[in-house]
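S.K.: Dropping a prediction and its sequence here:
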Amino acid sequence: MVATQHLPLIKDLDTAAWLSQFGGIFTPLELAAMARAIAFAQPLYAEQIELTGEPVLQHALGAATILYGLKMDADTLVAAILHSVPNFLADWREAVEAQFGSRVSLLLQGLARMEQLAAFNETGATPQAMQSAAQLEQLRKMVLSMVEDIRVVLIKLALRTDTLRHLSGANAVQQQRIAHETHSIFAPLANRLGVWQIKWELEDLSVRYLQPARYKKVALLLAEKRSEREQYINDFIATLQSTLHQAQIVAEVTGRPKHIYSILNKMQRKGLNFEQLYDVRAVRILVDSVADCYAALGVVQALWPPIASEFDDYIARPKSNNYRSIHTAVMGARGLPVEVQIRTHEMHQTSELGVAAHWRYKEGTKSDSKFDQQIVWLRQILEWKSELVNQADTPFKNASFGEQVYVFTPQGKVIDLPANATPVDFAYRLHTDLGHRTRGAKINGKIAPLNTKLLNGQRVEILTIKHGAPSRDWLNPQLGFLQSTGARAKVRAWFNAQTITDSIAQGRALLDKELQHWGVTELNQEKLAQQLNYHKLDDLLAALGRSTLTTRAVARALQSAFPQKIIIAAPVLKVTTQHTLAAQISVGGINNLLTKNALCCKPEGHDSIAAYITGHHGITIHKANCAYLVRLARARPERVLTAQWAATVKAKK
């Protein structure tokens, strides 16, 4: 757990006195850098006032004091002092790097990028866009992804905490906006990074302005000052530590009074009255083993009477997120209830940094394992920073957030995209049709090429035409228009659809020609498609258009389904035949049809005959008793027709 030290608020601009509190903590060179930072900033900040009415220099020193409480390094404090320099000095990058080094300059650049978010939120984001829990989650991720050094986020949290401490000096509209932004974005970030003291203070101060009546009611119900509540917990801890020591249980005992926001949140979440809360004051015991957990529980319940309804053994029955701890509540001195949590150091480490993901449990959001791992990494950095500050290259870099980019829509909605995404990716992410109609883009209000790589925090607006189609250039990877596989798939699908449309049109023309050729005017074409093993007519037409289905195959299907109609309508084809008598045969009462005598039985003019419609060779004439014709008729009786020799033939005989 990372906790702040309570230092007195800065009530004047006695910078020498402010610096003196760090004597023996920072090296002389570090103290000299802080003094130079104050001297550098002082003329720039002269007569500059924050919207709360606090002087800018005092605001900067207040934030630096909070960062000192977090045990941050000297570069971080220097950057906090200089945080507003970019607002008042045009060539600040060169000046800061020359006097304070590249690390401080990079921290200020990170702060400047985060300020872009704040400026956009004040002017561009609609309230509706910021109400969604999913959108707030996206915005928190954007904040973390915009910085390469996590200390930038900590500086921003410290600055916001100092602003909240003086928020009473702002007007009512500003109070509401800042309190809402703090509650929605910055307090959850502090929670995720394990900066608990800042989290609690941001929550308490923001709810003071968001729900003033309820805040005042709970404050009155507590009926004691914060310092008195803290003293009560300190006395409770002292008694407990002494008894644990006598029982030869090695334990680390910490505690804090329940914060007002936590009380309000629990009352609302569980529908409880203030009198029904047993964890307004809370203590945590960390021990070395599971056996010590239960031994410590025995000590606690021997010292103070337990509240039977307030006991949960999450060691014996861990929560679904693997959270393990013993929770109990006892009636302490003066009849005031105290919640006690007991766990091993290993359980505590798991709940704070591991799979238990305690901060997600508290916020009630869905799990995102990849993002969780990044948060774990960041919080480990915070835990290790005290061991690393003396090393030459402290690894505060936040490279793990480089796989995504977060940008704003004109309405203030946050959209996540893959790294190096472009405005075309952005358009397709919003809607497929918007992507198809994209013809230009504005980034932060300025026209930009469609293959521009988007950066975190930018505001993107798509320029479209009423009806449009994607460009084939977008699929060329060398031109860099698309980075998203989803957007690329949508463009390919559009062009595939156009190809299919063209094929269907060509197939329709071929089928209509074939139907006209055979004189078929009434036909269930869907059934024809199914007869040819296609699920729907468009599939048949596309196959005809691509030449994967021949018109001959369609003709065979037509002959099979409508032999009489086809025969009646079929034109006389000029085909050479070996039999001159073929045109003198009447088939189904129709003369002058193209026929051919079968080679199997070789019918002659005196033979009784029958006709058979073949699949490839038109009409064949068989002897009526032809064995082959009998087999054909058994398999396809609809193809057998009556036939007889013409009268002219019989007369000659």
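M.R.: That came through fine. Being a predicted model, the structure only gives us computed values, none of them experimental. Numbers count the residues shown, from 1 in each chain.
S.K.: all contacts plus neighbour counts: C-alpha atoms, from now on.
M.R.: Noted.
S.K.: Give me the distance between the residue sitting nearest the centre point of the chain and Leu220.
M.R.: For the chain, the residue nearest the mean C-alpha position is Asp416 (6.0 Å; C-alpha atoms, centre = their mean). Asp416 sits 44 Å away from Leu220, taking C-alpha to C-alpha, to the nearest Å as the criterion.
S.K.: and the nearest residue to Ile249 once chain neighbours are set aside, which of the three is it?
M.R.: Residue nearest to Ile249 in three dimensions, not counting chain neighbours: Asp292, with 6.7 Å by C-alpha to C-alpha, 6 or more residues apart in numbering. Asp292 carries the three-state label helix when classified by DSSP: H, G, I helix; E, B strand; the rest coil.
S.K.: Does Asp292 touch Glu252 like I think?
M.R.: No. The pair Asp292 and Glu252 does not pass the contact test of C-alpha atoms under 8 Å, sitting 11.8 Å apart.
S.K.: between those two, which one's more packed in?
M.R.: Asp292 (19 against 15; other C-alpha atoms under 10 Å).
S.K.: from the chain's centre, how far out does stretch 37-54 sit?
M.R.: If you compare the mean C-alpha spot of stretch 37-54 with that of the full chain, they lie 40 Å apart, counting by C-alpha atoms, centre = their mean, to the nearest Å.
S.K.: now it: mean pLDDT?
M.R.: Per-region confidence: stretch 37-54 scores 92 on mean pLDDT.
S.K.: Check which helices and strands the helix or strand that contains Glu94 sits against.
M.R.: Assigned by DSSP states H and E, Glu94 belongs to helix 92-100. Identification of packing neighbours for helix 92-100 by 3 or more C-alpha pairs under 8 Å, 6 or more residues apart in numbering; DSSP states H and E yields helix 102-123.
S.K.: quick one on the thing from earlier: for the residue nearest to Ile249, give its distance to Ile285.
M.R.: Going from Asp292 to Ile285 by C-alpha to C-alpha gives 10 Å.
S.K.: Three-state assignment for Gln248, please.
M.R.: For Gln248, the reduced secondary structure class is coil; criterion used: three-state DSSP.
S.K.: tally of neighbours for it?
M.R.: 11.
S.K.: picking that back up, now the helix holding Glu94: buried residues?
M.R.: For helix 92-100, a neighbour-count test (16 or more other C-alpha atoms under 10 Å) marks Trp92, Arg93, Val96, Phe100 as buried.
S.K.: what's the most distant pair in the residues you listed?
M.R.: Spatial extent of the buried residues of helix 92-100 (C-alpha to C-alpha) is set by the pair Trp92 and Phe100 at 11.3 Å.
S.K.: burial measure for Gln498, as a count.
M.R.: By the measure other C-alpha under 10 Å, the count of residues near Gln498 is 12.
S.K.: Can you tell me the element it falls in?
M.R.: Gln498 is located in helix 485-518, with elements delineated by DSSP H and E.
S.K.: any idea which helix or strand comes after that helix?
M.R.: Using DSSP H and E, the helix or strand that follows helix 485-518 in sequence is helix 525-531.
S.K.: Now do that following helix: which elements does it pack against?
M.R.: Judged by 3+ C-alpha pairs under 8 Å, 6+ apart, helix 525-531 is in contact with helix 537-545.
S.K.: Distance from the chain centre to the helix it packs on, please.
M.R.: Shown here is helix 537-545, whose average C-alpha point lies 40 Å from the average C-alpha point of the whole chain (C-alpha atoms, centre = their mean).
S.K.: likewise stretch 104-120?
M.R.: Averaging C-alpha coordinates over stretch 104-120 and over its chain gives two centres that are 24 Å apart (C-alpha atoms, centre = their mean).
S.K.: Over to stretch 491-511?
M.R.: The offset between the C-alpha centroid of stretch 491-511 and the centroid of the whole chain comes to 35 Å, using C-alpha atoms, centre = their mean.
S.K.: So which residues make contact with it?
M.R.: Stretch 491-511 is contacted from outside by 436, 470, 474-475, 538-546, 551, using C-alpha atoms under 8 Å, 6 or more residues apart in numbering.
S.K.: can you map out the helices along the stretch 351-500 of the chain?
M.R.: Taking DSSP state H, counting those that start in this stretch as the test, the helices found in the stretch 351-500 of the chain are 358-363, 369-388, 423-430, 432-436, 485-518.
S.K.: Quickly, which of those helices bottoms out on average pLDDT?
M.R.: Of all the helices of the stretch 351-500 of the chain, the segment with the smallest mean pLDDT is helix 358-363, scoring a mean of 49.
S.K.: which stretches of the stretch 51-200 of the chain form helices?
M.R.: 56-69, 74-81, 85-88, 92-100, 102-123, 127-131, 133-145, 151-165, 172-181, 187-192, 196-210.
S.K.: closest to Arg459 out of those helices?
M.R.: Taking C-alpha to C-alpha as the criterion, Arg459 comes closest to helix 102-123 out of the helices of the stretch 51-200 of the chain, the separation being 8.2 Å.
S.K.: Quick check: mean pLDDT of that closest one?
M.R.: Mean pLDDT, computed over helix 102-123, is 72.
S.K.: Could you do stretch 632-647 as well?
M.R.: 80.
S.K.: tell me which residues in that stretch are buried?
M.R.: Of the residues in stretch 632-647, those buried by neighbour count under the rule 16+ other C-alpha under 10 Å are Arg639, Val640, Leu641, Ala643, Gln644, Trp645, Ala646.
S.K.: So which of these belong to strands?
M.R.: When DSSP state E defines the strands, the subset of the buried residues of stretch 632-647 inside them is Val640, Leu641, Ala643, Gln644, Trp645.
S.K.: Tell me how far Val630 lies from Val78.
M.R.: In this structure, Val630 lies at 105 Å from Val78, with C-alpha to C-alpha as the measure.
S.K.: Ok, Arg631 next?
M.R.: Between Arg631 and Val78 the distance is 102 Å, computed by C-alpha to C-alpha.
S.K.: now swap in Ala41 and tell me
M.R.: Distance, Ala41 to Val78, using C-alpha to C-alpha: 10 Å.
S.K.: before we move on, what about Leu417?
M.R.: In this view, Leu417 and Val78 are 34 Å apart by C-alpha to C-alpha.
S.K.: Same drill for Arg631 and Val78, tell me which one is more crowded.
M.R.: Under the criterion of other C-alpha under 10 Å, the comparison of Arg631 against Val78 puts Val78 first, with 25 against 11.
S.K.: Quick check: closest non-adjacent residue to that one.
M.R.: With C-alpha to C-alpha, 6+ apart, the residue lying closest to Val78 is Met34, at 5.5 Å.
S.K.: Can I get the helix or strand hosting that neighbour in CSV? Just the C-alpha atoms.
M.R.: Under DSSP H and E, the secondary-structure element containing Met34 is helix 28-45. Included here for helix 28-45 are C-alpha records, laid out as CSV according to Å, rounded to 0.1, in the frame of the first residue of the first chain:
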residue,chain,number,x,y,z
PRO,A,28,22.2,19.0,-1.7
LEU,A,29,22.1,18.8,-5.5
GLU,A,30,18.5,17.8,-5.5
LEU,A,31,17.5,20.6,-3.1
ALA,A,32,19.5,23.0,-5.3
ALA,A,33,17.4,21.8,-8.4
MET,A,34,14.2,22.4,-6.5
ALA,A,35,15.4,25.9,-5.5
ARG,A,36,16.3,26.7,-9.1
ALA,A,37,12.9,25.4,-10.2
ILE,A,38,11.2,27.8,-7.8
ALA,A,39,13.4,30.7,-9.0
PHE,A,40,12.7,29.8,-12.6
ALA,A,41,8.9,29.6,-12.2
GLN,A,42,8.4,32.5,-9.8
PRO,A,43,8.6,35.3,-12.3
LEU,A,44,6.4,33.4,-14.8
TYR,A,45,3.8,32.6,-12.2
